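[1] Predicted structure and sequence below. I'll ask about it afterward.
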Amino acid sequence: MTLKCINPSDLPIPEMYTQVVIATGSKMVFVSGQQPEDIHGKLVGAGDFAAQASLAFGNLARALAAAGARPEEVCKITIYIVDYNRDEHVPIIEEAQKSLFGDHKPANVVIGVAVMSPGYLIEVDAIAVIDRSTDG
C-alpha cells in the first residue's frame, strides 16, 4: 500500500482528514493550486463558494489523473479559503472533498487568506505518492 494513515490515540480523531500519513512509493506528484476555473482560465461560480469548491476539487481530480495518480494516493492537501469561516465553509469543503476522495482522508490544512484573484474564494493543492509505473 502506498499510504498508511494514522490517527494517534493521544490526538483527536478528525472526521475529514488523517493526523499522520506515511507515504511510500516510487513517484511523487505535486499538484499546483487548483482554482475554480474553466478550461479557458475563466472564473466559474462568482460569489458562490459551493460552486467554486466543487470545481476546484474537480480540477484537482483532473490534474491528478493527468499525472497518473488516483485520489486515494493523495497524502496531503492544502485548502486556501478567502475570509475563512469554519461554520460556513467546513460543510461545503467536506462535501467537495468527499466527492473526490470518498472515504480516503489525506492529511490536510485549511488556511484562511485575505485575498486571491478578485472573485476567487478557494484554491486546493495536493501531494500524491504512487508506486507503479505511469506515463508522463
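    Alright, I've got the coordinates.

[2] What segments of the chain are strands?
    Under the criterion DSSP state E, the chain contains strands at 3-6, 20-23, 27-34, 74-82, 107-113, 122-130.

[3] Now distance to residue 55 and mean pLDDT too, for those, in JSON lines please.
    The way it works is simple: take the backbone N, C-alpha and C, and place the C-beta from them, glycine included. Output for the strands of the chain, formatted as JSON lines (distance: least, Cβ to Cβ, whole Å; pLDDT from 0 to 100):
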{"stretch": "strand 3-6", "distance to residue 55": "26", "mean pLDDT": "92"}
{"stretch": "strand 20-23", "distance to residue 55": "25", "mean pLDDT": "93"}
{"stretch": "strand 27-34", "distance to residue 55": "9", "mean pLDDT": "96"}
{"stretch": "strand 74-82", "distance to residue 55": "14", "mean pLDDT": "97"}
{"stretch": "strand 107-113", "distance to residue 55": "18", "mean pLDDT": "96"}
{"stretch": "strand 122-130", "distance to residue 55": "9", "mean pLDDT": "96"}
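
[4] most tightly surrounded among those strands?
    Of all the strands of the chain, strand 122-130 carries the top mean neighbour count, a mean of 23, counting by mean count of other Cβ atoms under 10 Å.

[5] Quick one: closest of the strands of the chain to residue 62.
    Residue 62 lies closest, by Cβ to Cβ, to one member of these: strand 27-34, at 8.2 Å.
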